[in-house]
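> from the sequence below, what's the structure:
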Amino acid sequence: MDDHQKEELQQRVQRLENRVEELEDRLGSGDASAAKKASGELSGHEPAPESIHSKVGAFQFNEYWLNRIGIGLLLIGVAFLFKYTIDQGWLIPPIRSAVGLSIGLMLFLFGYRMSPAVGTYRQTLLGGGIAVFYITGFATYQLYSFLPVPLIWAFMIVVTLLALSLSLEQNEPVLSVTGILGALGTPFMLYSGSGEVTMHVAYLSLVMVAGGIIYYRKGWASLLWTLMVGGLGALFVGVITPVVTASTLKTFEQWILQLGMLVWIGATWIVAVVRLLVIKTDRIAKSVYLAVFWVPLWLLLLMSLHWEYTANQTAVLSLVLATAGGFAFFELKQETLQPLGETHGFMGIIMLTIAVVFFFEGTMLYTLLAIDALILRYVARRRDDIKLNISAHLLFLIVLYWTVSDLAYGGGIDSSFIDIKAIVQLFVILMGGALIPRWLRRSDMSGLYRICSHLVLLYWIYHLFIVLTNGQAWVTIVWGLYAIGLVVAGFTWYRKRVRTAGLLTVILVVGKLFLVDLAQLQALWRILLFIGLGGALIVLGYYLQTVINNSETET
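Next comes the predicted model:
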């Protein structure tokens, strides 16, 4: 047993041990409940009635989401209240800000004074109060501007620290998610087309840093989702706003926006990985895997749009991200986080593929994608990962489609009979028909690969020989030799499927003789083809009959 097999065996044993522990925990909790119920019956008392929430799980779900929807609508209403008072000219700016602070303070105090037993309702009110504080502070700067900027910054910092401390104290994700989501959504609701990019990015960075610190301490998946989606939306608006408004950012503002992107990847991707490295756990949330793949991919898009990168510059950035993924793959491989390392490796392969697509073109791009498809399939086979498996299928499908499309619409093989492109196309066909099926666990997928590759090979032979003089005759000859080779191989070494493919190809060649060659070839070529193919099939039949008789005699 080699080192890799030992490593795979250890990983499987570890996964089985973790699963057994989970089942033991569940059985233990079930036994405890049963014992408690039994003790109540033995003591002569009826079991304590179950709570309404435990009896009606659906009601608990609805109540939970009613709280969220209600506080969300309230926050949107507060934001629109600021806009409406401006449009109507009802109140002076200080009064408007005071109203916002009063609403936030009322929500916050009601939630803070409630008993912790009410659970999510209390956390929702606290989070709503924090979100209203954020809205009021941003509106005071963006829409009113009657207070000095340092004072507004101090207020924002106090609110952020308040949200941070309450999230850690209450140990509930509702507060942090509501506060962060309301804070990130504030610029969308209150944006009026004015304001500096610097303040906008600094505000978002402050919110994302606070969210990243909370996630590092608690590891709430919902908070990581909020940071990924909300931060991406806020940065995307900052990138496309100059395009929509036909304005131009200053160089300093462009770098500030770039800094905001770096804060975003730090608060999501980097923090999630570092946290797992520090706590040394084998249980990795799905949101972390998503962050590893989602954040670099969208960062590539954001930076390409922001700096208006050319194809070569985008390729260089993709190569940098691919290098980061490869580095993390080899570093995490030595830790207990090997699945996370494999996800980084998968991300690196995707980024490398993007870099190849943007940097190369023509035959070179086609060749590199074919090699990339082969490598990805090999890695998927070794790691037995569903994400890698699906990606390998998709990449090979793209390469195979490119092969067929190039043969059909790209002029196929040039007049020099055979060139580098033709050799690479043959490599792709053989890869799909002979090599990749050996690395697939499912026999139906292996058969599908072989059938598709067989059909494409026939198409490739057609385009290779049709350019010659009397090309139809040469196509028939090569198809016939290929079909006879399949039949012989099927009877000698391989199974029934290969024999069937060979016999069907023979039928195809015979059909071509009657439907195409009789109409397009000269008499001499028709005579040679019919006599040659007929004689070859007679010899083949005699050989196969001999092989079958010998096999039956031995049996």
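
> ok, Trp220 touching Leu175?
No: using CB atoms under 8 Å as the test, Trp220 is too far from Leu175 to be in contact (10.2 Å). C-beta coordinates here come from the backbone N, C-alpha and C atoms, glycine included.

> neighbour-wise, which of those two wins?
Leu175 (28 against 21; other CB atoms under 10 Å).

> ok, Val292 - how many residues close by?
The number of residues packed around Val292, counting by other CB under 10 Å, is 24.

> need the contact list for it.
Residues in contact with Val292, defined by CB atoms under 8 Å, 6 or more residues apart in numbering, are Trp269, Ala272, Val273, Leu340, Thr343, His344, Met347.

> what about the closest residue in space to the first one that isn't next to it in sequence, how many neighbours?
Counting by CB to CB, 6 or more residues apart in numbering, Val295 is the residue found nearest to Trp269 once chain neighbours are left out, at 4.1 Å. The number of residues packed near Val295 is 25, by other CB under 10 Å.

> kindly report the same for Tyr216.
15.

> doesn't Val273 make contact with it?
No: counting by CB under 8 Å, Tyr216 does not reach Val273; the two are 10.8 Å apart.

> what residue ranges in the stretch 451-555 of the chain are flagged as low confidence?
Within the stretch 451-555 of the chain, the segments meeting pLDDT under 70 span 494, 547-555.

> what about the helices in it?
471-492, 496-512, 518-520, 523-554 (DSSP state H, counting those that start in this stretch).

> any idea which of those is most buried?
Comparing these by mean neighbour count (mean count of other CB atoms under 10 Å), helix 471-492 comes out on top with a mean of 19.

> next, the angle helix 496-512 makes with that helix.
160 degrees (axes from the mean of the first three to the mean of the last three CA atoms, to 10 degrees).

> need the residues that contact helix 471-492.
457-458, 461-462, 465-466, 468, 496-503, 505-506, 508-509, 512-513, 516-517, 520-521, 525, 528-529, 532-533, 536-537, 540, 543-544, 547-548.

> tell me the predicted confidence for Glu8.
For Glu8, the pLDDT comes out at 61.

> what does the one 3 residues further on give?
Gln11 carries a pLDDT value of 63.

> equivalent analysis for Ser39, please.
42.

> Ile418 now?
pLDDT at Ile418 comes out at 59.

> name the helix or strand for the nearest residue to Pro296 once chain neighbours are set aside, please.
Of all residues not flanking Pro296 in the chain, Leu321 sits nearest, at 4.8 Å (CB to CB, 6+ apart). Element membership for Leu321 (DSSP states H and E) is helix 311-332.

> and the angle for the following helix or strand past that helix with helix 311-332?
The helix or strand immediately downstream of helix 311-332 is helix 338-359, counting by DSSP H and E. Per the same axes, to 10 degrees, the angle that helix 338-359 makes with helix 311-332 is 160 degrees.

> show me what counts as buried in helix 338-359.
338-359 (16 or more other CB atoms under 10 Å).

> check the gap between Ile371 and Val424 for me.
Distance, Ile371 to Val424, using CB to CB, to the nearest Å: 9 Å.

> how about Gly137?
Taken as CB to CB, the span from Gly137 to Val424 is 60 Å.

> OK, contacts around the nearest residue to Val316 once chain neighbours are set aside?
Nearest non-adjacent residue to Val316, counting by CB to CB, 6+ apart: Ala355, 7.6 Å away. Contact analysis of Ala355 by CB under 8 Å, 6+ apart lists Ala315, Val316, Ser318, Leu319, Ala322.

> can you do 6 Å?
By CB atoms under 6 Å, 6 or more residues apart in numbering, the contact set of Ala355 is Ala315, Ser318, Leu319.

> make a markdown table from those residues and add distance to Gly77 and neighbour count to it.
Compiled in a markdown table, the contacts of Ala355 are given as follows (distance: CB to CB, whole Å; neighbours: other CB atoms under 10 Å):
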| residue | distance to Gly77 | neighbour count |
| --- | --- | --- |
| Ala315 | 47 | 19 |
| Ser318 | 43 | 25 |
| Leu319 | 48 | 18 |
